[in-house]
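From the sequence below, what's the structure:
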Amino acid sequence: MEWFSTLTLALGSAWTSGINLYATVSVLGLLQKFGGVKLPGGLEVLDNWVIIGVAGGLYAVEFFADKIPYVDSVWDVVHTFIRVPAGAVVAWAAVSDMDPAIVIPATLIGGGLAFSSHGTKATARIAANLSPEPVSNWILSLLEDVIAIGGVLLAVFAPIVIAVVLLVFVIFFLWFFPKIFRAVRRLFIAAGAMFRGESFKEVARKAG
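As a prediction, this is how the structure comes out:
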């Protein structure tokens, strides 16, 4: 069942990359460096101290940026173009030693999972930013960190569990896809307005 473990690690890590790419890369690297874990395929390079250091530093920046209302949403807009392709790359790297008939679909599915988790995260964040109280951002940010790090640990140590988690998430995402699509569209419109000096909150409300 090694192929199953490798595949679920690839897809699980791609999924968590859409939530928090830097936490995903940092945890994978540290697990191989200190946890006695041998990552499959091209992921074995993640135990390099340069990669761990850069990913850890960017995670620290995101940890604080993610808790500031509206800054977190702009951060999500920018990372649409980082997390999604990175999720596909993570999936590809994990299965790179496998048959091309598996590598290509796994890469495409990994990118799709990264997009879906990123879109869900962005939807939750814009909803929190439009709420009147300030605590939601902190709670969501910490919850996302727990899900991302916990998801990586499940992908490495519990392949069957992460497979079930991914299946449940995909069903949830497909069910709520129209709302998620509208929220992401609203996020991009509001972020663009913010760069033009307009109110993120007001534009987001009107765009909804």
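
Output the contacting helices and strands for the helix or strand containing residue 114.
Secondary structure assigned from DSSP states H and E places residue 114 in helix 100-129. Taking 3 or more C-beta pairs under 8 Å, 6 or more residues apart in numbering; DSSP states H and E as contact, the helices and strands that helix 100-129 lies on are helix 2-34, helix 71-95, helix 135-157, helix 159-195, helix 200-207. In this view, the C-beta of every residue, glycine as well, is placed from N, C-alpha and C.

Show me how far the third one is from its chain's centre.
Spelled out, that is helix 135-157. Helix 135-157 has its C-alpha centroid displaced from the chain centroid by 10 Å (C-alpha atoms, centre = their mean, to the nearest Å).

For it, list the C-alpha coordinates in CSV.
Once non-C-alpha atoms are left out, helix 135-157 reads as follows in CSV (Å, rounded to 0.1, in the frame of the first residue of the first chain):
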residue,chain,number,x,y,z
VAL,A,135,-12.3,38.3,17.3
SER,A,136,-13.3,36.2,14.2
ASN,A,137,-10.1,36.9,12.4
TRP,A,138,-7.9,35.6,15.3
ILE,A,139,-10.1,32.5,15.8
LEU,A,140,-10.1,31.7,12.1
SER,A,141,-6.4,32.2,11.7
LEU,A,142,-5.5,29.9,14.6
LEU,A,143,-8.0,27.3,13.4
GLU,A,144,-6.5,27.4,9.9
ASP,A,145,-3.0,26.9,11.4
VAL,A,146,-4.2,23.9,13.4
ILE,A,147,-6.0,22.4,10.3
ALA,A,148,-2.9,23.0,8.1
ILE,A,149,-0.4,21.5,10.5
GLY,A,150,-2.8,18.7,11.6
GLY,A,151,-3.5,17.9,8.0
VAL,A,152,0.2,17.6,7.2
LEU,A,153,0.6,15.2,10.2
LEU,A,154,-2.3,13.1,9.0
ALA,A,155,-1.0,13.1,5.5
VAL,A,156,2.3,11.7,6.7
PHE,A,157,1.2,9.3,9.5
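
Kind regards, and thank you for your time.
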